[in-house]
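**Student:** Build me a model from this:
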Amino acid sequence: MAWNQHRHHGGGGGKHARDACEFARNLGHEVEIFTRSSQSLAPGLRGRLRAASSIVAAPESVREFEALLDRFRPHLVHALELFPLVSPYILPAARARAIPVLLSTIDYRLTCPVVTHLRNGAICTQCCGGHEYWAVLHNCRGSIYESTAVAAYSALTRVRKVFTRNVTLWEAPSDFVRSFLMSKLNIPGDRIRLRPPAIDIPADPVPDPSQGSYAGYAGRFTREKGVRIALEAARLTGLPFRFARNQEAQVRIQVPGGMEEITRDASDLWRFYRGARFLVAPSLWWETFCIVVAEAMSHGIPVIVPRHGAIGELVDHGVNGLHFAPGDVAELAKAVTTLWADAGLCRRLGAAAREKAIRCWGLEKAKTALLDSYETAVALGAALS
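**Tutor:** Modelled structure (predicted):
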């Protein structure tokens, strides 16, 4: 299993990788982990220079990975996010040894140099189809050097077909991402398996969400997560809001101290969910899933989300939560006010939210999906060799 651990922990991608490793071992598979951590990068320019130099080649990671393949001789390579310290050329190394590759696409790295398909707060797909130069022209990373580096990664891996030629089977965390891979990368639908992230469903009775004392937000304090939209909705409605983040998560937008709650572990986050009347997740980007939404739903908490991307698929409007137009503060504020004032609606949506979480995202279902992906990738690899 190969992936790059990002500098800031607590994100969905890292959880997806750790869960896959644990599930595979629980299913009786021997697992070797090949990973690099972005925490090893020095802060400032020196760290950025090292990351940029490793983005495509990283020859030392390829040599070490080849040595691992020759020693361990796996039946399958499971790759997740490789950027920036694990070279994508580990994939041709696996193919050269007739080892099938399963790739979990947990973000938009292959279609957007900056991953989010977001520019100036709006959805952007200009780089799709071989136009990565737009990331440089728009300076999407806020640094010409970094923007050029990530655009080069996207362009070189696309032109050389590093992923499309060497991946045996693809995994998508949502139907939205599966459709996106088919339309933007021309991946055949039968080469993509759907495997949402696993959610640890609480077994004990859940609280009545209508008794919650605040509207909750959980996640990174970053622009793409829509934190400013949630803050503005709090101002417009005058209702109590609380914002939770993991102690190691990114903070690029400051939240007033009286509204901030820092969580250290899952039990802290569970307490936060159970104190909320509902969760607000106003992401501006096309989320590929959104673990905090599914987690809140598993606690019987309704969720208010924008009607786009995978996050809009998780919540069924009027059934287990509410939708609003992406970025529309007034419509979000209206949804918040409606759900706050209607205890019966809050209870009904919360009960349906928990039912969907149990039905769709439990641990056993995730393990079964992973086993199906592994068996399919191995069989497909044998057929293609």
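
**Student:** which residues in the stretch 201-350 of the chain form strands?
**Tutor:** Ranges of strands in the stretch 201-350 of the chain, per DSSP state E, counting those that start in this stretch, are 214-218, 241-246, 260-263, 276-280, 303-306, 321-324.

**Student:** Any chance of these in TSV with mean pLDDT as columns?
**Tutor:** Putting these into TSV (pLDDT from 0 to 100) gives the following:
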stretch	mean pLDDT
strand 214-218	98
strand 241-246	96
strand 260-263	96
strand 276-280	98
strand 303-306	98
strand 321-324	98
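
**Student:** Turn those into JSON lines, columns for mean neighbour count and distance to Arg95.
**Tutor:** Quick note: C-beta positions are derived from backbone N, CA and C, even for glycine. Formatted as JSON lines, those follow (neighbours: other Cβ atoms under 10 Å; distance: least, Cβ to Cβ, whole Å):
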{"stretch": "strand 214-218", "mean neighbour count": "25", "distance to Arg95": "40"}
{"stretch": "strand 241-246", "mean neighbour count": "22", "distance to Arg95": "37"}
{"stretch": "strand 260-263", "mean neighbour count": "16", "distance to Arg95": "41"}
{"stretch": "strand 276-280", "mean neighbour count": "26", "distance to Arg95": "42"}
{"stretch": "strand 303-306", "mean neighbour count": "27", "distance to Arg95": "39"}
{"stretch": "strand 321-324", "mean neighbour count": "24", "distance to Arg95": "42"}
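
**Student:** Ok, which of these comes nearest Glu60?
**Tutor:** Proximity to Glu60 (Cβ to Cβ) singles out strand 241-246 among the strands of the stretch 201-350 of the chain, at 31.1 Å.

**Student:** ok, that closest one: who's next to it in the sheet?
**Tutor:** Sheet pairing here is set by DSSP bridges, and for strand 241-246 it gives strand 214-218 (parallel), strand 260-263 (parallel).

**Student:** how about the ones you listed in TSV, adding distance to Ile253?
**Tutor:** Below are the strands paired with strand 241-246 laid out as TSV (distance: least, Cβ to Cβ, whole Å):
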stretch	distance to Ile253
strand 214-218	11
strand 260-263	11
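
**Student:** What's the first helix or strand after the worst-scoring helix or strand of the chain on mean pLDDT?
**Tutor:** Here the helix or strand of the chain ranked lowest by mean pLDDT, DSSP states H and E is helix 45-54, holding a mean of 54. Remark: after helix 45-54, the chain's next helix or strand is helix 59-72, criterion DSSP states H and E.

**Student:** Please compute how far whichever helix or strand comes after that next one lies from its chain's middle.
**Tutor:** Going down the chain from helix 59-72, the next helix or strand is strand 77-79, by DSSP H and E. Distance, stretch centre to chain centre, for strand 77-79: 17 Å (Cα atoms, centre = their mean, to the nearest Å).

**Student:** Now whatever helix or strand comes next after strand 77-79: average pLDDT?
**Tutor:** Moving toward the C-terminus from strand 77-79, the next helix or strand (DSSP H and E) is helix 90-96. What helix 90-96 shows for mean pLDDT is 96.

**Student:** what's helix 90-96 packed up against?
**Tutor:** Using 3 or more Cβ pairs under 8 Å, 6 or more residues apart in numbering; DSSP states H and E, the elements in contact with helix 90-96 are helix 59-72, strand 77-79, strand 101-104.

**Student:** burial measure for the closest residue in space to Trp134 that isn't next to it in sequence, as a count.
**Tutor:** In space, and not counting its chain neighbours, Trp134 is closest to Gln126: 4.2 Å by Cβ to Cβ, 6 or more residues apart in numbering. As a burial measure, Gln126 scores 16 neighbours (other Cβ atoms under 10 Å).

**Student:** Using the three-state scheme, assign the closest residue to Pro92 other than its chain neighbours.
**Tutor:** Excluding the flanking residues, the one nearest Pro92 by Cβ to Cβ, 6+ apart is Asn166, at 5.2 Å. Using DSSP: H, G, I helix; E, B strand; the rest coil, the three-state assignment for Asn166 comes out as coil.

**Student:** Give me the pLDDT for Asn166.
**Tutor:** Value for Asn166, per-residue pLDDT: 97.

**Student:** swap in Ala149?
**Tutor:** Looking at Ala149, the pLDDT reads 87.

**Student:** Okay, buried residues for the helix or strand harbouring it please.
**Tutor:** For Ala149, the element it lies in under DSSP H and E is helix 144-159. Neighbour-count burial for helix 144-159, counted by 16 or more other Cβ atoms under 10 Å, picks out Glu146, Ser147, Thr148, Ala149, Val150, Ala151, Ala152, Tyr153, Ser154, Ala155, Thr157, Arg158.

**Student:** and what of stretch 13-32?
**Tutor:** Gly13, Gly14, Lys15, His16, Ala17, Asp19, Ala20, Cys21, Phe23, Ala24, His29.

**Student:** Farthest pair within those?
**Tutor:** The two members of the buried residues of stretch 13-32 with the most space between them (Cβ to Cβ) are Gly13 and His29, at 21.1 Å.

**Student:** got the contact list for stretch 351-364?
**Tutor:** With Cβ atoms under 8 Å, 6 or more residues apart in numbering as the test, stretch 351-364 has contacts from 196-201, 206, 294-303, 315-316, 319-321.

**Student:** and with 7 Å instead?
**Tutor:** Stretch 351-364 is contacted from outside by 196, 198-201, 206, 294, 297-298, 300-303, 319-321, using Cβ atoms under 7 Å, 6 or more residues apart in numbering.

**Student:** with the buried residues of stretch 13-32 in mind, which one is nearest to Val62?
**Tutor:** Among those, and counting by Cβ to Cβ, the member closest to Val62 is Ala17, at 19.8 Å.

**Student:** isn't the residue nearest to Pro92 right up against Arg95?
**Tutor:** Yes: between Asn166 and Arg95 there is a contact under Cβ atoms under 7 Å: 4.6 Å.

**Student:** Between these two, tell me which one has more neighbours.
**Tutor:** Asn166 (22 against 19).

**Student:** Okay then, goodbye and thanks.
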